[in-house]
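Participant: quick one: sequence plus predicted model below, questions after.
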Amino acid sequence: MAITVVLLGLTVWAGRRARRRLHYASAVFTLLALTGAIVQAELYGRAYEIPTLRLRVHLGFAFAALASIPWVVLTGLRLRVQPNARPHHRRAVGTFIALIVVAIVTAIWMLIAAVPIAD
Ligand code: HEM
């Protein structure tokens, strides 16, 4: 997760500096790292008993963040050929990042109430 956050920061920085090649590469690595973090979290979560309501709230934000990825990619692709599409890409990126932040905060809220499963 920490790697994902660092890569996301690099992607935003490269995007704002118009460093396109770095931006595309870091965007791809951000999404790969995010996938890895989700798989890791799923494996980690299996060892814990998590309150259902907290889990649902967290998953709601996590899936909403995943669902916003195609919007980020499509607006990014459009911005390559249409410079006035910038506000659309910005809005998509802003929504994606806000959802990621809430998903992280709700993950912490969920984990502080998690109980290890005795085996
Ligand atoms: C994690 C995913 C991504 C994030 C967080 C992100 C973020 C950003 C940000 C913050 C900007 C600067 C906007 C501004 O200054 O107004 C930007 C610019 C841009 N992004 Fe993305 N982006 C992502 C993915 C993509 C993808 C997948 C593409 C397309 C293949 C793309 C294409 C572009 C282009 C063409 C620019 C303009 C660069 C320039 O000014 O030359 N982005 N992005």
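Facilitator: Yep, it's here. All values reported here derive from a predicted model rather than from experimental measurement.
Participant: distance of the residue positioned nearest the centre of the chain from Q40?
Facilitator: In the chain, the residue lying closest to the centroid (Cα atoms, centre = their mean) is I100, at 4.4 Å. In this structure, I100 and Q40 are 16 Å apart, going by Cβ to Cβ, to the nearest Å. Any C-beta I mention is one placed from the backbone N, CA and C, and that applies to glycine too.
Participant: wait, the residue nearest to the centre of the chain sits on T11?
Facilitator: No - applying Cβ atoms under 8 Å, one finds I100 not in contact with T11, separated by 11.8 Å.
Participant: tell me where the model's unsure across the chain.
Facilitator: 119 (pLDDT under 70).
Participant: domains of it?
Facilitator: Annotated domains of the chain cover 1-46, 49-119 [automatic domain parsing].
Participant: and Y48, what does it touch?
Facilitator: 111, 114-117 (Cβ atoms under 8 Å, 6 or more residues apart in numbering).
Participant: phi, psi for it please.
Facilitator: Dihedral pair for Y48: phi -130, psi 150, per degrees, to the nearest 10.
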